[in-house]
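Enquirer: Fold the following.
(chains A and B)
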Protein chains: 2
Amino acid sequence: MNNEEFRQYGHDVVDWLAAYLKDIRQYPVLPAMQPGDLADRLPAHAPDFGEPMDAILEDFQRSIVPALTHWNHPRFFAYFAISASEPGILAEMLAAGLNVNGMLWKSCPALTELEQVTLGWLRQWMGLPEEFFGIIYDTASVSTLHAIAAAREMADPETRTRGNSGGLVMYTSEHAHSSVEKAGIMLGIGQDNIRKIPVDQAFRMRVDVLRETIAADQRAGKRPFCIIPTVGTTSTSSIDPVDAIADVAEECGAWLHVDAAYGGVAAVVPELQSILNGASRAHSLVVNPHKWLFTPFDLSAFYTRKPEILRQAFALVPEYLRTAEDPRAVNYMDYGVQLGRRFRALKLWFIMRHYGREGIAELVRAHIGYAQRLAALIREHPDFELSAPTPFSLICFRYRGSDDENRALLEAVNSSGKAFLSHTVLNGKFVLRLAIGNMATQWEDVEETWNLVRQAAKRT
Amino acid sequence: MNNEEFRQYGHDVVDWLAAYLKDIRQYPVLPAMQPGDLADRLPAHAPDFGEPMDAILEDFQRSIVPALTHWNHPRFFAYFAISASEPGILAEMLAAGLNVNGMLWKSCPALTELEQVTLGWLRQWMGLPEEFFGIIYDTASVSTLHAIAAAREMADPETRTRGNSGGLVMYTSEHAHSSVEKAGIMLGIGQDNIRKIPVDQAFRMRVDVLRETIAADQRAGKRPFCIIPTVGTTSTSSIDPVDAIADVAEECGAWLHVDAAYGGVAAVVPELQSILNGASRAHSLVVNPHKWLFTPFDLSAFYTRKPEILRQAFALVPEYLRTAEDPRAVNYMDYGVQLGRRFRALKLWFIMRHYGREGIAELVRAHIGYAQRLAALIREHPDFELSAPTPFSLICFRYRGSDDENRALLEAVNSSGKAFLSHTVLNGKFVLRLAIGNMATQWEDVEETWNLVRQAAKRT
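Expert: This is a model prediction of the structure:
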């Protein structure tokens, strides 16, 4: 493709994206299709000779777009709703063209230093201590994997050379994200050594049970090495009592990792900073700008007060090669399993600057406000009930009927294409989840979705 | 940012990128700066209130661009040279705006099915067997991590629940990529249980030593569970004898993982398909389109003939929930540690279609041709010597002088800003690496860099 063609097609793509974002409410949030529908209509083999870009862009619109679930849709309320903000998209465009790789400081100083600077900024916004070292990973799953690997390194530094020696036990709540368990499997800790502590009525980890469980494990000769509370659990967005859990971690010498992947961003709002109470005492914390900081996927921010332990776990550069290095030239590849690293900090920089703290706070406040308003409507409605508190912008609720009726209701709403909700199971019951987090979402979107839900309920 | 502003700034960004790609030879490949230079000139705090996009884009050009290492530069010859091709950039722009997440089939059918289709196409191009199941991870480090995790699952299925039981040993060559060792650490196997088999004169794993080492480990009660040959090692791009190693893997029942992250793409060239001899017998293989398939970073393609073992290692969905599922609706989150997954297949689809197999083959052939031509010049030059064979497009060579002289030569070339080479150590000697892989690289770029090297040698 010659330079002028690239410029032209680039304009076409931008125009298409602008129209897409403008008209996005016209798309069904969930596509009406069966598994295999797209695969079946695409050729069985790639072409031997190049095809014109016009044909490819046409096929994109004709075949790919109708098979999309529109995550950027303002009525996408499933899982955790996210946004690709416009400044973030612009930065991703630049990053794709630059195609730099930040494994070493030298391999791209701009990437490395902007990562340090933007993560410092975000740390300040969240009220986290200055000694927190920041690094960007792709996803919270990978951030948490590294947290637990560092915890293991602290507990048993010989693991690196000799392998797991056994006896290590980690603790999280029964509402923790599945990535905690996956990390435990990956690291060879094993599911038998992952304790899922029960929760209280507000779905928060029970510190009394945590303490008892740890004591029992210690009596059995096991070694508690990592405790993982969550600020904003996946099912209900509940907030574990991090400060009290930090006491327990101190008592038993375990690494404290705070999973604030979803909820953490709310601490950018000055009056909400208390959601991170106790997090300053953590050894590590993860927060995902790609969740509620309007950052195109993927960008997970990981902080640790023990970067030297993280580094010790993964660096393969012999120590004698390091002395000549400038301590300001961070080689991020030494702090993780991934060697290649995209220029993710660029979009964070664009977004933090374009919106400013107040701009972000206003959006987060609005989402929480919509959620409170909907929660009030549900609370007042005789046929519905709230299933969990609403500390952020996720509402868990259900129709006062059977699980099957709620399932049918969810299916009716989602198959309408007008909104997309997801579900969870709380206290054995099927529960609907409506998560507000897309920056284009207006109260009217929430209200109309609530109308859809009520209409569907009438028909069940 | 309103819709019209996004359209305008989008055009500005595209125009900037087009100009950047057109004029890229005017940029120094490596920036002339000291660690901290960029961080020091950026504000210590993020703004409270939003800033205009004009100011941000201006700062991008004024502060960020001069601190970039230009990976997309045709005289970037360090590490492995890569390219963000124009169709790939266009696809990344679209993916950033769509912001979809392919954890489940349902969470984005287009992402899931296009991943299956494009990886099927690439598998055909590489001559790999039809039973190979494909999945996209971010980097080869993560692909290899999953390969070894699956190997452990095959060898010891109780690891998942009970944790590592010890005694497992893995094998690779002393020239394997560092990600193999990092994965061994992450998985709790331990460096003591990673055997780095010595290489022959062409830097290929010695199968006789591999066999002896495995026998010795078995006599000592250890259990060989994974063997990892490389097609295109990082230091010299050497090709381990995969077919002979596959025999050994079969004999001892170990998982065979082929690291073809760099070299594998060359198999797209029909007359080069023999580089993957034996790879069809592997349990898994990784190849990185973001290396030599002109795909913007990141996209690592992972293939395995044992997807059920990979799934078994990581799926957390209870089996009874699966029976109702359509077998064509692959939930990729069950095959790895990462829950969130970007729409990476889109750029692969754009690139494979836009260039076609012949277009890709032509570029790869040209790179290999330049490398052979430069190798011939080096071979004939009295002051230089080739340090390794050149099976692909990476040339390892050195000035016939001391290590310090070679170091000074490299520093002189790189600090000129006119080209960027890297180095390695072979047989105890400091060696220069010149890797050709950027799609804009012409013979003149290679020739002028060779001139730079010779001039620098004269001054040492």
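
Enquirer: Can you name the element that comes right after the longest helix anywhere in chain A?
Expert: As assigned by DSSP state H, the longest helix anywhere in chain A is helix A:345-380. Per DSSP states H and E, the first helix or strand lying C-terminal to helix A:345-380 is strand A:384-386.

Enquirer: Show me what that next one is packed against.
Expert: Using 3 or more Cβ pairs under 8 Å, 6 or more residues apart in numbering or on different chains; DSSP states H and E, the elements in contact with strand A:384-386 are helix A:345-380, strand A:394-399. C-beta here means a position set from N, CA and C on the backbone, and glycine is covered the same way.

Enquirer: for the ones you listed, which one sits closest to B:Ile136?
Expert: helix A:345-380 (20.7 Å; Cβ to Cβ).

Enquirer: Now that closest one: average pLDDT?
Expert: Mean pLDDT, computed over helix A:345-380, is 98.

Enquirer: And it, what does it pack against?
Expert: helix A:86-98, helix A:109-125, helix A:289-292, strand A:384-386, strand A:394-399, helix A:443-459, helix B:53-59.

Enquirer: Any part of the second one near chain B?
Expert: Which is helix A:109-125. Yes: under the criterion of Cβ under 8 Å from any Cβ of the partner chain, chain B is reached by helix A:109-125 at A:109-111, A:113-114, A:116-118, A:120-122, A:124-125.

Enquirer: Same question for the third one.
Expert: Yes: for helix A:289-292, a contact with chain B is found by Cβ under 8 Å from any Cβ, at A:His290.

Enquirer: A:Gly188 reaches B:Ile185, doesn't it?
Expert: No: A:Gly188 is beyond contact range of B:Ile185, at 10.7 Å (criterion: Cβ atoms under 8 Å).

Enquirer: between those two, who's got more neighbours?
Expert: For A:Gly188 versus B:Ile185, neighbours defined as other Cβ atoms under 10 Å in any protein chain shown are more numerous around A:Gly188 (29 against 23).

Enquirer: Next up, the contacts around the nearest residue to A:Pro229 once chain neighbours are set aside.
Expert: Using Cβ to Cβ, 6 or more residues apart in numbering or on different chains and skipping residues adjacent in sequence, the residue nearest A:Pro229 is A:Asp240, 3.6 Å away. Contact partners of A:Asp240, counting by Cβ atoms under 8 Å, 6 or more residues apart in numbering or on different chains, are A:Ser173, A:Arg204, A:Met205, A:Pro229, A:Thr230, A:Val231, A:Thr233.

Enquirer: just checking, which of these belong to strands?
Expert: A:Ser173 (DSSP state E).

Enquirer: Give me the phi and psi for A:Val199.
Expert: Note on A:Val199: backbone dihedrals following degrees, to the nearest 10 are phi -110, psi 160.

Enquirer: cool, A:Thr304 as well?
Expert: phi -150, psi 140.

Enquirer: cool, and the one 4 residues further on?
Expert: For A:Glu308, the backbone dihedrals (degrees, to the nearest 10) come out as phi -70, psi -30.

Enquirer: Also A:Phe430?
Expert: Taking degrees, to the nearest 10 as the convention, A:Phe430 sits at phi -70, psi 130.

Enquirer: That one contacts A:Glu405, doesn't it?
Expert: No: A:Phe430 is not in contact with A:Glu405 according to Cβ under 8 Å; the separation is 9.0 Å.

Enquirer: So for these two, which sits in the more crowded spot?
Expert: Per other Cβ under 10 Å, whichever of A:Phe430 and A:Glu405 has more neighbours is A:Phe430, with 19 against 16.

Enquirer: if you skip the residues just before and after it, what's nearest to that one?
Expert: A:Phe430 sits nearest to A:Asp403 (Cβ to Cβ, 6+ apart), 3.9 Å away.

Enquirer: For chain B, see how far away that neighbour is.
Expert: 14 Å (Cβ to the nearest Cβ, to the nearest Å).

Enquirer: Also A:Trp105?
Expert: For A:Trp105, the distance to chain B - Cβ to the nearest Cβ - is 6 Å.

Enquirer: can you check A:Ala95 too?
Expert: 8 Å.

Enquirer: In contact with the nearest residue to that residue once chain neighbours are set aside, which residues are there?
Expert: Excluding the flanking residues, the one nearest A:Ala95 by Cβ to Cβ, 6+ apart is A:Phe343, at 4.3 Å. The contact partners of A:Phe343, by Cβ under 8 Å, 6+ apart, come to A:Ala95, A:Leu98, A:Val100, A:Gly102, A:Cys108, A:Ala110, A:Leu111, A:Leu114.
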